[in-house]
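Enquirer: Need a 3D model of the following:
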Amino acid sequence: MAIAQPLLNPIKKLMNFLLTITNFHSTLSVNISAKAGVLLSEEARGRSASSFAMCEDVKSLCKQGRLKEALGMLPFLDCCGIIPDSYTYASILHACLRMKSLPETKLVHAHIILIGFNPDPFLETKLLNTYTNCRNLADAHRVLEGMPERDVVSWTAMIAAYAQDGDGKEALKVFKQMQRAGCEPDHFTFASVLPAFAELGILRLGREVHEDIIRRGFKFNVFVDSALVDMYDKCGSLEDARKVFDRMSERNVVSWNAMVTGYAQNGHLDEAMELFREMPERNVVSWTALIAGFSGRGHDREALMLFSEMQQSGVLPNHFSFSSVLSACANIAALGYGKQVHEDIIRSGFRSDVCVGNALIDMYAKCGSIVNAHEVFNEIPERNVVSWNAMIVGYAYNGYVDEALKLFKNMPEQDLVSWNAMIAGYERNGRFDEALKLYQQMKPMCLKPNFATFASVIPACAGLAALHEGKEVHEDVVRNGLQDDVCLRSTLIDMYAKCGSIADARSVFDKMPKQDVVSWTAMIMGYATHGCGKEAVCLFEEMLHSGMKPDHVTFIGVLSACCHAGLLDDGWRYFHSMSRDYNITPGVEHYCCMVDLLGRAGCLDEANNLIQKMPIKSNAILWGSLLGACKTHNNIKLGEWVAERLIESEPQNAAHYVQLSNIYAAAGRWDDVEMVRRVMKDKRLKKMPGQSWIEIDKVVYAFGVGDKSHPQLQEIYAMLERLSGQIKEAGYVPDTEFVLHDIEEEQKEHILSHHSEKLAIAFGLINTSNGTSIRVVKNLRICCDCHSFVKFISKIVERVILVRDANRFHHFKDGQCSCGDYW
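Expert: Alright, predicted model coming up:
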């Protein structure tokens with residue numbers, strides 16, 4: 001009997017709907033339709049027998065993993081007028097669950113709705129579980145909300161799904177809905193919801209649930225107790241975690257791993273190792289927790305040893321193990337060991353794992369092997385945004401900022417980490433202006449800046465001494481709710497100090513609810529760079545009085561302050577206090593401060609003896625400081641001797657030759673000056689050109705020595721000529737001592753008049769109103785003539801002029817400088 005057209009059309013319509021979703025071949029559609037026609041013509045064979053057999057066929061196909069064929073039976077059953085039972089649907093959903101097939105799960109759900117089947121709680125829970133296993137929590141939640149009868153199994157499944165997905169807030173929300181609905185939680189519910197408290201760090205609520213667990217008699221359940229240990233660990237309450245662990249009547253490897261992980265992640269490495277050695281059974285999770293804990297706390301070599309021990313014990317690493325050990329390799333630049341791990345990864349079949357690939361990129365980049373990093377990047381079959389970000393960071397970390405930018409622009413998707421990586425790359429490589437421009441481009445992108453963003457943008461403002469931009473960024477910090485972050489506040493103190501506003505720096509410092517050693521140090525350093533030696537020393541003493549212990553960086557700050565202010569006795573006192581009172585061994589930076597302090601005070605022999613007798617190896621910075629002092633005090637003999645050692649150790653550093661030339665020039669030994677110049681020419685060495693920057697109306701302008709490119713060139717030089725005449729009348733005499741040419745005085749004066757800071761100051765005077773402070777940044781130390789020039793200018797034009805050179809800030813006002821001519 002032919003199928004009646006009114007019946008055939010709806011069947012074909014539903015069948016085509018199903019086949020389209022599952023992407024079946026058209027031939028299958030013809031076969032099913034034909035089979036449906038034959039069976040419908042043979043109704044007399046008995047519906048009940050065929051219904052049972054056909055449903056059993058569907059179940060059999062599902063057990064064999066032939067999911068699409070099982071789904072293809074649904075329109076066939078419809079044609080026969082057979083409605084599948086809950087167990088048939090559950091079999092198909094179980095196959096979807098095993099294969100994590102979301103489209104097919106939705107297809108089954110649609111079929112249930114289309115035929116008007118009224119599922120029982122068993123089938124609804126199965127559907128919910130299948131959605132959660134396919135990571136479609138939105139549809140799973142809709143199924144839960146649509147269930148007329150929700151039991152503990154369905155509630156727990158939804159809670160567990162949210163917790164496993166890292167959405168602790170939703171997990172807790174469902175748990176509270178369950179309680180309001182009057183459904184009693186069981187031990188599986190508690191084991192599922194406790195990770196949500198752990199993720200959110202809500203210790204108080206976690207303890208309340210713990211009390212509920214005890215009241216309900218679940219306190220000796222191994223699954224619940226293991227979850228409690230994990231919750232207390234992640235909330236930082238190791239004492240509570242250990243109490244739960246110690247009273248457990250039964251422990252499994254999960255319990256042991258939870259406690260070991262808690263100790264390791266919270267930095268209690270000795271306790272973690274002791275417990276690890278006591279474990280009756282260790283698996284890859286146990287080893288990985290310990291490796292990650294040691295690496296995360298800076299014990300990277302121990303992490304590598306543990307990884308080797310794990311392999312020797314026969315435990316095979318997983319992707320977490322490989323990622324952890326690669327992080328340790330990256331931290332200590334252990335390229336050789338990292339390459340061995342890479343070979344293990346290939347042998348273990350993790351080569352295509354994206355997480356492992358990302359860790360390899362990071363390891364190779366931090367070890368300076370950017371070529372290997374890029375090879376790994378190209379080999380990852382399915383790169384995610386982390387892969388792209390790791391490669392961008394790698395390029396920027398190794399100085400290839402332009403290559404990083406190309407990759408950034410080619411990314412299929414850019415997230416906040418991508419922008420942060422690129423901004424940090426610019427800042428790290430001294431391209432501060434580009435860092436700020438990129439930050440401005442990011443702001444309209446609806447991406448909320450975070451700590452990492454500001455940790456790069458604020459130093460970029462400091463690098464340019466861009467006070468206006470710095471204040472705007474400070475406002476952005478407040479708008480984004482990060483104003484109480486101690487690290488960012490310390491960075492802001494440093495930024496304001498480097499932008500010349502020591503008052504703003506102090507304001508940020510004073511408004512901190514609680515200062516840490518970093519913020520104290522930043523403020524002391526700020527005073528030091530501004531030549532406020534007495535203020536720095538007073539603040540250091542105030543820090544000691546507050547009970548805060550200084551670290552080695554703090555001592556660099558206070559010794560630097562003594563150096564800039566000429567406080568020789570205080571400098572010696574603090575230097576000796578380091579080892580005597582705080583058990584801090586002076587490093588090369590501290591010796592450098594003392595050599596500089598002695599050199600500025602004219603104690604050149606004492607400075608030389610300090611270098612010769614110091615217990616650590618000297619470096620070029622120390623000798624360079626002494627050489628500068630030799631130039632200042634015209635000690636040619638010692639200067640020649642020091643210069644020889646510097647040139648021997650760093651023959652390609654042009655600064656050492658320039659310093660020696662300065663010494664010869666000051667003594668009028670022009671033949672020796674010419675000899676040094678010839679050596680530099682033969683070695684193709686060039687003196688770093690002087691550059692100065694000034695910010696006006698949110699724009700930073702750069703000037704070089706004798707700059708001829710600026711559009712206001714004629715106005716700038718006219719202003720300089722007019723100012724030179726005025727200050728000469730006031731007593732200014734050009735200091736031509738260190739002009740490295742044996743030429744007439746008039747020519748020397750002409751060379752001096754074109755120094756970059758003078759051009760920047762003249763430009764600032766032209767383009768700002770009377771009374772406005774002028775702020776200039778210079779990449780080299782300000783010369784004696786420019787220093788004298790700016791002192792006179794500040795008095796003539798009645799302006800405050802701030803110049804930040806390579807060493808410190810100079811505040812010029814009313815013909816005086818804050819350094820007291822001691823720099």
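Enquirer: Now name the helix or strand holding Glu149.
Expert: Using DSSP states H and E, Glu149 maps to neither a helix nor a strand.
Enquirer: I'd say it and Pro121 touch.
Expert: Yes: in this structure Glu149 lies within contact range of Pro121 using C-beta atoms under 8 Å: 5.3 Å. (Glycine included, C-beta is placed from N, CA and C.)
Enquirer: What's the first helix or strand after the helix or strand containing Lys637?
Expert: Taking DSSP H and E as the criterion, Lys637 maps to helix 636-649. Scanning forward in sequence from helix 636-649 by DSSP H and E, the next helix or strand is helix 654-666.
Enquirer: pLDDT of whichever helix or strand comes after that next one, averaged?
Expert: Using DSSP H and E, the helix or strand that directly follows helix 654-666 along the chain is helix 670-682. Mean pLDDT, helix 670-682: 87.
Enquirer: For helix 670-682, give me every contacting residue.
Expert: Helix 670-682 is contacted by residues 654, 657, 660-661, 664-665, 686-687, 740, 742 when judged by C-beta atoms under 8 Å, 6 or more residues apart in numbering.
Enquirer: which of the residues you listed count as buried?
Expert: In the contacts of helix 670-682, burial by neighbour count holds for 657, 660-661, 664-665, 740, counting by 16 or more other C-beta atoms under 10 Å.
Enquirer: out of those residues, who's nearest Val376?
Expert: Of all these, Val376 sits closest to Tyr657, with 43.0 Å by C-beta to C-beta.
Enquirer: between Glu149 and Pro121, which one's more packed in?
Expert: When neighbours are counted by other C-beta atoms under 10 Å, Pro121 comes out ahead of the other of Glu149 and Pro121, with 15 against 8.
Enquirer: How about the contacts made by the more buried one?
Expert: 147, 149-151, 154.
Enquirer: For PyMOL, what selects the buried ones among those?
Expert: Burial among those is assessed by 16+ other C-beta under 10 Å; the matching PyMOL selection reads:
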select buried, resi 147+150+154
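Enquirer: Would you reformat the contacts of Pro121 as CSV and include pLDDT and distance to Gly820?
Expert: What follows is the contacts of Pro121, written out as CSV (pLDDT from 0 to 100; distance: C-beta to C-beta, whole Å):
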residue, pLDDT, distance to Gly820
Met147, 88, 81
Glu149, 85, 86
Arg150, 89, 80
Asp151, 90, 83
Ser154, 91, 79
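Enquirer: would you turn the contacts of Pro121 into JSON lines with distance to Ile782?
Expert: Shown next, in JSON lines, are the contacts of Pro121 (distance: C-beta to C-beta, whole Å):
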{"residue": "Met147", "distance to Ile782": "77"}
{"residue": "Glu149", "distance to Ile782": "82"}
{"residue": "Arg150", "distance to Ile782": "76"}
{"residue": "Asp151", "distance to Ile782": "80"}
{"residue": "Ser154", "distance to Ile782": "75"}
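Enquirer: SS state for Arg215?
Expert: Taking DSSP: H, G, I helix; E, B strand; the rest coil as the rule, one finds Arg215 in the helix state.
Enquirer: Contacts only, for it.
Expert: No contacts exist for Arg215 under C-beta under 8 Å, 6+ apart.
Enquirer: now swap in Leu467 and tell me
Expert: Counting by C-beta under 8 Å, 6+ apart, Leu467 has contacts 461, 496, 499-501, 695, 775.
Enquirer: What of Gly731?
Expert: Applying C-beta under 8 Å, 6+ apart, the residues near Gly731 are Phe792.
Enquirer: all strands of the stretch 701-823 of the chain, in order?
Expert: 774-778, 801-804, 809-813, 816-817 (DSSP state E, counting those that start in this stretch).
Enquirer: Show me the one of these that comes nearest Glu382.
Expert: So among those, strand 774-778 is nearest, using C-beta to C-beta, at 46.3 Å.
Enquirer: Now do the buried residues in the helix or strand containing Val595.
Expert: Secondary structure assigned from DSSP H and E places Val595 in helix 588-600. Within helix 588-600, the residues scored as buried using 16+ other C-beta under 10 Å are 589-600.
Enquirer: List of residues touching stretch 312-327?
Expert: Contacts for stretch 312-327 (C-beta under 8 Å, 6+ apart): 282-284, 287-288, 291-292, 295-296, 303-304, 307, 310-311, 338, 341, 344-345, 348, 350, 353, 355-356, 358-360, 362-363.
Enquirer: Can you tell me which of these are buried?
Expert: Using 16+ other C-beta under 10 Å, the buried ones in the contacts of stretch 312-327 are 282, 287-288, 291-292, 295-296, 303-304, 307, 310-311, 338, 341, 344-345, 348, 350, 353, 356, 358-360, 362-363.
Enquirer: Take the residues you listed and keep only those in helices.
Expert: 287-288, 291-292, 295-296, 303-304, 307, 310-311, 338, 341, 344-345, 348, 356, 358-360, 362-363 (DSSP state H).
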